[in-house]
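A.B. asks: Based on what follows, work out the 3D shape:
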Amino acid sequence: MHSVRAKVKKMAKKDKEELYSKFTSRQKKFLEALKDVGGNITAACMKTGIKSRNTVYKWMKDSDFASEVESINEESLDYVESKLMTAIQQDNITAIIFYLKTKGKKRGYVETIENNINTNAFEDLMKKLDEEEDKDK
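C.D. replies: Predicted structure coming up:
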């Protein structure tokens with residue numbers, strides 16, 4: 001079992017190296033910075049001296065580059081989710097409520113807002129006019 005995991009990891013590393021070989025050094029630096037700043041494109045641009053986010057969005061027209069950006073964002077999300085789970089395990093009630101509101105929706109853990117909207121304003125206006133006419137009599 002351990003050797004299978006090692007082989008998969010080795011293959012993934014090889015695939016990543018092959019993928020990165022397609023990118024310019026500037027793109028590679030950006031992707032590394034993107035990992036460091038948790039997926040924040042503006043911060044990664046600042047860290048690497050890229051003057052405009054538009055540069056990154058142009059690079060993202062390349063599906064391989066866009067896929068790597070998405071992968072970095074997913075890794076960042078995984079990390080934050082693990083921190084949320086740690087907080088839940090430490091009985092942090094705010095974290096528990098947040099988790100239930102987001103992951104427990106299908107079980108009814110949602111906040112609802114009641115909106116009482118009268119769609120027939122004309123009818124209300126007519127009733128008010130009738131009431132005013134009755135007062136005047």
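A.B. asks: wait, what's in contact with the residue most central in space within the chain?
C.D. replies: Centroid check for the chain by C-alpha atoms, centre = their mean gives L77 as the closest residue, at 7.6 Å. Counting by C-beta atoms under 8 Å, 6 or more residues apart in numbering, L77 touches G39. In this view, the C-beta of every residue, glycine as well, is placed from N, C-alpha and C.
A.B. asks: where does it land in three-state SS?
C.D. replies: helix (DSSP: H, G, I helix; E, B strand; the rest coil).
A.B. asks: Also the one 10 residues further on?
C.D. replies: Going by three-state DSSP, the secondary structure assigned to A87 is helix.
A.B. asks: State the distance from it to T24.
C.D. replies: Separation of A87 from T24 (C-beta to C-beta, to the nearest Å) stands at 39 Å.
A.B. asks: more crowded one of those two?
C.D. replies: A87 (16 against 10; other C-beta atoms under 10 Å).
A.B. asks: where does the protein dip in pLDDT?
C.D. replies: The chain contains residues with pLDDT under 70 at 1-14, 116, 118-119, 136-137.
A.B. asks: Against I113, how distant is K103?
C.D. replies: For K103 relative to I113 (C-beta to C-beta), the value is 20 Å.
A.B. asks: Then K22?
C.D. replies: Applying C-beta to C-beta, the value for K22 to I113 is 48 Å.
A.B. asks: okay, these two: which has more neighbours?
C.D. replies: Between K22 and I113, counted using other C-beta under 10 Å, the more crowded position is K22 (12 against 4).
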